[in-house]
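# Here you go, sequence then predicted model.
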Amino acid sequence: MSRLLPLLVGLIVLALWETSVRLMQVPVFVLPPPSLIAEALMTDGPQLLDALLETLKLTVAAFAASFLGGLALAVLFVQSRLIERSLLPYAVVLQVTPIVAIAPLIVIWVGVDHVERAVFILATIVAFFPILSNASFGLRSVDPGLADLFRLYRATGWQRLWLLQLPSALPALLAGARISAGLALIGTVVAEFVAGSGEATGLAWRIVESANRLEIPRMFAALLLLSLTGLALNAVIVQIEHRLLRRWHSGHGEAA
Amino acid sequence: MRYPGGLAAIDRVDLRIEDGSFTSIVGPSGCGKSTLLRLIAGLASPSAGAITGRPDGAVGLVFQDATLMPWADVENNVYLPLRLARVSRAEAKPRIAEALALVGLSDFAQAYPRALSGGMRMRVAIARAIVTRPRLLLMDEPFAALDEITRNKLNDDLLRLWREQEITTIFVTHSVFESVYLSTDIAIMSPRPGRIMARHAVSGPAIRDADFRATQPYLDACRAVSRDLERAMAVAV
């Protein structure tokens, strides 16, 4: 029953939306009724799905890159405080600088002929930091008793990393992955907006294009697809989290 | 052994452990019992003095907390010391099974720690400590967090293990009764700085059980250890 409630709320809102827009004769280019959006979804669906696929590819690639890069850098940080002290400030600079502000530069450097490369890099920068900070935190949050045992049995650095630090970091790492996956999508879309031009093929550019042509129902349809994609990404990570953690953390993976 | 800043945690401790003995170290909290155990285990180095005659190979170590890996099942937790010593899983299997049998957990090899009770977790920790067949077992208040019934049961099981496996055991506790029940030898520590104040030998039957708690040697030893512990506390104030 409680699962159906959000659905019910959605249907009520859609009905209210449809009737009030019609009754008040709101122009379509301000707020189209849901029926027109559904129509746009049907007619422009294939084209929008192609664009979505392009955006999704870049999102997944950016997420994978930031996951591997962030984890690798975190492992490096945990090995040596010196490396962390020397590099962390630069990671923070990347984190706090608004992506929109760096975008033109990245486009000039790599994106003149290949917009998607610029988008990929920008989205990776956005998605990178949660992985780095959560993984660093997780790798350090080792049970001191277990750390003593590893020392007692003269574990090597690799054994420590592989058998103790990485498993200990898993809950924090996955929490970071969830944030990062969402940011990868946001980063991709924002980067497409900023870096996009006529040759951009992602969904964000379809939105810009629809707005320019005042095809507002099509724009709403694209927005809907983006939201669903974000939800799907989140669901995938939650599933992975649940599978990996259910055996050892009663509190984890159940809250979603 | 000193704290950073020069405060001595323990000082002029001279403790001889007989091979095959069960020695308890009793003292008020903060007297340096755990520090002494860490020194013996080799997890800390003394700022002066030395630990000599430590047996070859790994020693077994059990903490107050079971400190199991929550992501690994019982078998893999017990496998850890052997795995770190690069013993193959096939080779380790029978030894893990043996260690689990010794603590009465043969049926729980595939269970995860969060599904186990506090007492069972402690048994897993003991199995992990003895799976390398150490000649020296160090225990740092292992049963302090358990209820009395579980604690008594584990005391009996530990005694059986000590007798059958002939593992020299050093057992840190702040319970006079527990120390007398278990030990052949008791060292009482006083705090600030921690030092050995007195030693007692406990004479008792070769195989102790609950009846031992009603015997005169047990009661005499409890009285003597309590008196010394009180003197140790007086030093503290």
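Structure's in. What do you need? Numbers count the residues shown, from 1 in each chain, chains lettered A, B, ... in the order given.

# count of neighbours near the nearest residue in space to B:Pro191 that is not next to it in sequence?
Nearest residue to B:Pro191, sequence neighbours excluded (C-beta to C-beta, 6 or more residues apart in numbering or on different chains): B:Cys31, at 3.7 Å. Yep, even glycine has a C-beta here, placed from its N, CA and C like the rest. B:Cys31 sits with 28 neighbouring residues when counted by other C-beta atoms under 10 Å in any protein chain shown.

# again, but for B:Asp157
By the criterion of other C-beta under 10 Å, B:Asp157 has 16 neighbours.

# Give me the mean pLDDT for the helix or strand containing A:Ile102.
Here A:Ile102, judged by DSSP states H and E, is contained in helix A:99-106. Mean per-residue pLDDT for helix A:99-106: 86.

# And the residue of chain B closest to chain A?
B:Thr67 (3.5 Å; C-beta to the nearest C-beta).

# just to revisit the earlier point, these two touch, right, the residue nearest to B:Pro191 and B:Ala232?
Yes. B:Cys31 is within contact range of B:Ala232, at 7.2 Å (criterion: C-beta atoms under 8 Å).

# who touches both of those two?
Between them, B:Cys31 and B:Ala232 share these contacting residues under C-beta atoms under 8 Å, 6 or more residues apart in numbering or on different chains: B:189-191.

# Just to be sure, which of the residues you listed are found in strands?
Per DSSP state E, strands hold the following members of the shared contacts of B:Cys31 and B:Ala232: B:189-190.

# By pLDDT, give me the weakest of the shared contacts of B:Cys31 and B:Ala232.
Scoring the shared contacts of B:Cys31 and B:Ala232 by pLDDT puts B:Pro191 last, at 76.

# in terms of contact, does that residue touch B:Leu36 like I think?
No. Using C-beta under 8 Å, B:Pro191 is not in contact with B:Leu36; the gap is 11.9 Å.

# okay, these two: which has more neighbours?
Higher neighbour count among B:Pro191 and B:Leu36: B:Leu36, with 29 against 21, using other C-beta under 10 Å.

# Check which helices and strands the longest helix seen in chain B sits against.
In chain B, taking DSSP state H as the definition, the longest helix is helix B:216-236. Judged by 3 or more C-beta pairs under 8 Å, 6 or more residues apart in numbering or on different chains; DSSP states H and E, helix B:216-236 is in contact with helix B:176-182, strand B:185-190, strand B:195-201.

# Need those in a markdown table (columns: distance to A:Gln239 and mean neighbour count).
Below are those laid out as a markdown table (distance: least, C-beta to C-beta, whole Å; neighbours: other C-beta atoms under 10 Å in any protein chain shown):
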| stretch | distance to A:Gln239 | mean neighbour count |
| --- | --- | --- |
| helix B:176-182 | 48 | 22 |
| strand B:185-190 | 53 | 24 |
| strand B:195-201 | 58 | 17 |
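
# can you list the ones you listed in TSV and add distance to chain A?
Below are these laid out as TSV (distance: least, C-beta to the nearest C-beta, whole Å):
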stretch	distance to chain A
helix B:176-182	21
strand B:185-190	21
strand B:195-201	24
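
# Now distance to B:Gly27 too, for the ones you listed, in CSV please.
Output for the helices and strands packed on helix B:216-236, formatted as CSV (distance: least, C-beta to C-beta, whole Å):
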stretch, distance to B:Gly27
helix B:176-182, 10
strand B:185-190, 3
strand B:195-201, 8
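
# what does stretch A:162-177 rub up against?
A:63, A:67, A:70-71, A:74, A:78, A:130-131, A:133-135, A:137-139, A:141-143, A:146-147, A:150, A:155, A:237, A:240-241, A:244-245, A:249, A:252, B:69, B:71-72, B:80, B:83-84.

# any idea of the mean pLDDT in it?
For stretch A:162-177, the per-residue pLDDT averages 92.

# in it, what counts as buried?
A:163-177 (16 or more other C-beta atoms under 10 Å in any protein chain shown).

# Return the member of those nearest to chain B.
Checking those one by one against chain B (C-beta to the nearest C-beta), the nearest turns out to be A:Pro167, at 4.6 Å.

# List, one by one, the residues from chain B near chain A.
Residues of chain B found near chain A (C-beta under 8 Å from any C-beta of the partner chain) are B:41-43, B:58-59, B:61, B:63, B:65, B:67, B:69-72, B:80-81, B:83-85, B:112-114, B:132.

# Grab the CA positions of stretch A:95-107 and hand them over as CSV.
C-alpha atoms of stretch A:95-107 as CSV (Å, rounded to 0.1, in the frame of the first residue of the first chain):
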residue,chain,number,x,y,z
GLN,A,95,36.1,20.6,-6.2
VAL,A,96,35.3,24.1,-5.2
THR,A,97,35.7,25.7,-8.6
PRO,A,98,32.3,25.9,-10.4
ILE,A,99,32.3,23.5,-13.3
VAL,A,100,30.6,26.0,-15.5
ALA,A,101,33.6,28.3,-15.1
ILE,A,102,36.2,25.8,-16.2
ALA,A,103,34.1,24.4,-19.0
PRO,A,104,35.2,26.9,-21.7
LEU,A,105,38.8,26.2,-21.0
ILE,A,106,38.3,22.4,-21.2
VAL,A,107,36.4,22.9,-24.4
